[in-house]
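Q: everything below, folded, please.
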Amino acid sequence: MPPESVTTPRSASYRRSPLPILVTAVALATTAIGLTIIVVQQGGPTGVDATWLHWIVGHRNGTLTAVAVAVSDFGDTASMAGIAILTCAVLAWWRQWQNLLLVAGSSAGAAVLVIVGKQLVGRARPPAVDHLVVETNQSYPSGHSLGSAVVLGVLLVIVLPHLHRPARLAAVSAVSCVVVAIGLSRLYLGVHWPTDIAAGWVFGGCWLRVCLVPYHTLIRRSGDRHSQTAQHALADAQAGAQS
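A: As a prediction, the model looks like this:
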């Protein structure tokens, strides 16, 4: 069994409503829809897309390229799927079925979102001359950005109850930096427009929160105090990051 949480949650924290999570999900969904409409209506790269990509391509060097390739490889579909599967196996061994369902459902849903989004929007990637790695499918949204936001984000939700409050802030910051780095690596490698990356982050954040709403409800009904701490620990860490 996993170690007991070092967190002693306040009793009031278990009566919190999932409404803030739902409100955030709606806000992110609205942003995602708006961004998608702009991309579809534009029919190609926006002015920001072309400007930023041109600037990044002009500032490449050998060291940054090696780092970008390594970071991109870590955030690819195979790596994120492997992390999700390994996590599910560990959770099954520990008999943490609610957490297992959260990881499996959110990860599988993220994969579907990427496939459907790419097919529906059908956006072409930047010119092949700018590519440092080979990519042949559609560009929008970035699968690396969306997948890493969901998989690493849901792992964060699972891990946070086991951390003291200062460590929670560090964990949230670390995961956020990794997700951002993965997205920026794809931009650096010339295989995505900036709006592809932004859409991946927004769609990923939205989907993760959508998954947390039924998870929150299930936990409250089951009285699983240990699992309930995850969402409130995440909220505390985010609040600390903004202060």
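Q: distance of the residue nearest the centre of the chain from Leu155?
A: To find the centre residue of the chain, average its C-alpha atoms and take the closest one (C-alpha atoms, centre = their mean): that gives Ala149, at 0.9 Å. Here Ala149 is placed at a distance of 11 Å from Leu155 (C-beta to C-beta, to the nearest Å). Glycine gets a C-beta too; all of them are placed from N, C-alpha and C.
Q: again, but for Trp207
A: Using C-beta to C-beta, which is the criterion applied here, Trp207 is 15 Å from Leu155.
Q: neighbour-wise, which of those two wins?
A: For Trp207 versus Leu155, neighbours defined as other C-beta atoms under 10 Å are more numerous around Trp207 (25 against 17).
Q: what about that one, which helix or strand?
A: Secondary structure here is read from DSSP states H and E; on that basis Trp207 sits in helix 194-222.
Q: quick check: mean pLDDT of that helix?
A: What helix 194-222 shows for mean pLDDT is 90.
Q: show me how far it is from its chain's centre.
A: Offset of helix 194-222 from its chain centre (C-alpha atoms, centre = their mean, to the nearest Å): 8 Å.
Q: next: stretch 92-106.
A: Here the centre of mass of C-alpha atoms in stretch 92-106, compared against the chain's by C-alpha atoms, centre = their mean, lies 18 Å away.
Q: ditto for stretch 189-199
A: Shown here is stretch 189-199, whose average C-alpha point lies 15 Å from the average C-alpha point of the whole chain (C-alpha atoms, centre = their mean).
Q: straight-line length of it, end to end?
A: The first and last residues of stretch 189-199 sit 17 Å apart, counting by C-alpha to C-alpha, to the nearest Å.
Q: tell me the buried residues in that stretch?
A: Under the neighbour-count criterion of 16 or more other C-beta atoms under 10 Å, stretch 189-199 has Leu189, Gly190, Val191, His192, Trp193, Pro194, Thr195, Asp196, Ile197, Ala198, Ala199 buried.
Q: tell me the backbone dihedrals of Leu101, please.
A: Dihedral angles of Leu101 (phi, psi; degrees, to the nearest 10) stand at phi -60, psi -40.
Q: and the nearest residue to it once chain neighbours are set aside, how many neighbours does it have?
A: The shortest distance from Leu101 to any residue that is not its chain neighbour, by C-beta to C-beta, 6 or more residues apart in numbering, is 7.7 Å, and that residue is Tyr215. By the measure other C-beta under 10 Å, the count of residues near Tyr215 is 24.
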